[in-house]
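below are the sequence and a predicted model; questions follow.
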Amino acid sequence: MAAINIPNQNSPYFLHSSDQPGQILVTQLLDGDDYPTWNRVMTMALEAKNKLGFIDGSIAKPEPNNHNFSNWIRCNNMVQSWLVHSTIANSILWIKSARDIWLDLLTRFNQKNAPSIFEIRRAISNLSQGTNYVATYYTQLKAYRDELDSYRTVPACVCGVIPNFNDIYATEHLMDFFTGLE
């Protein structure tokens, strides 16, 4: 009789008894307009469950004769189920791996589109402290800035120019803050 390979709780192949296929990991369902936010909260949830490797490709599907093959199948199916239950299910239901679902959603919804950036910029320019505490105003502004920054991809660089971009962004953030103070 073959021994059953039961992963320890630190293994990405470990599934807790509370992990269920119908479980909703994030309360914010992906509707297309909120992809950057959904991506961030889903990434955090999968990382907390030690399953991020199933979507980022770092846990590749083992060969069928590998002792972790059945564990990979189970965990991949669980991650697929979590993704299906957090998004537009019909559009991804037949995709075979969690990684391929993740890439499909990325391709479809991570558009660096001008309308979304415009809406965020307009919200920032219309935001003012009003009667709010400075901390409350700053928190609202920071949420907008973080969302705007999610649309920016700063390339990797060894030439030393990136710190200049960071200084420009920091100055932009400061000017936005001062503009809304009352």
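That came in fine, so what should we check first? Numbering: from 1, shown residues only.

what helix or strand does P62 sit in?
Under the criterion DSSP states H and E, no helix or strand holds P62.

nope, S91 is what I meant
If you go by DSSP H and E, S91 is part of helix 89-92.

same deal with I168?
helix 162-180.

again, but for F54
Using DSSP H and E, F54 falls within helix 53-56.

flag every buried residue along that helix.
Of the residues in helix 53-56, 53-55 count as buried by neighbour count, 16 or more other CB atoms under 10 Å. All C-beta spots, glycine's among them, are computed from the backbone N, C-alpha and C.

which one of these is nearest G22?
Ranked by distance to G22 (CB to CB), these are led by F54 at 17.8 Å.

next one: that closest one from L174, what distance?
40 Å (CB to CB, to the nearest Å).

alpha carbons only: can I get the helix holding F54 in CSV?
Below are the C-alpha coordinates for helix 53-56, written out as CSV (Å, rounded to 0.1, in the frame of the first residue of the first chain):
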residue,chain,number,x,y,z
GLY,A,53,3.1,30.5,-6.0
PHE,A,54,0.2,29.0,-7.8
ILE,A,55,-0.6,32.3,-9.5
ASP,A,56,2.9,33.8,-9.9
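
residues touching it, excluding its own?
12, 43, 46, 59, 75-76, 79, 83, 97-99, 101-102 (CB atoms under 8 Å, 6 or more residues apart in numbering).

what subset of those is buried?
Neighbour counting over the contacts of helix 53-56 (16+ other CB under 10 Å) leaves 12, 46, 59, 75-76, 79, 83, 97-99, 101-102 as the buried ones.

pull the most distant pair out of the residues you listed.
P12 and I101 (17.1 Å).

pull out the buried positions in stretch 121-135.
Residues 124, 127, 129 are the ones in stretch 121-135 that count as buried (16+ other CB under 10 Å).

possible to save those as TSV with distance to P115 and secondary structure?
Below are the buried residues of stretch 121-135 laid out as TSV (distance: CB to CB, whole Å; DSSP: H, G, I helix; E, B strand; the rest coil):
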residue	distance to P115	secondary structure
I124	15	helix
L127	19	coil
Q129	27	coil
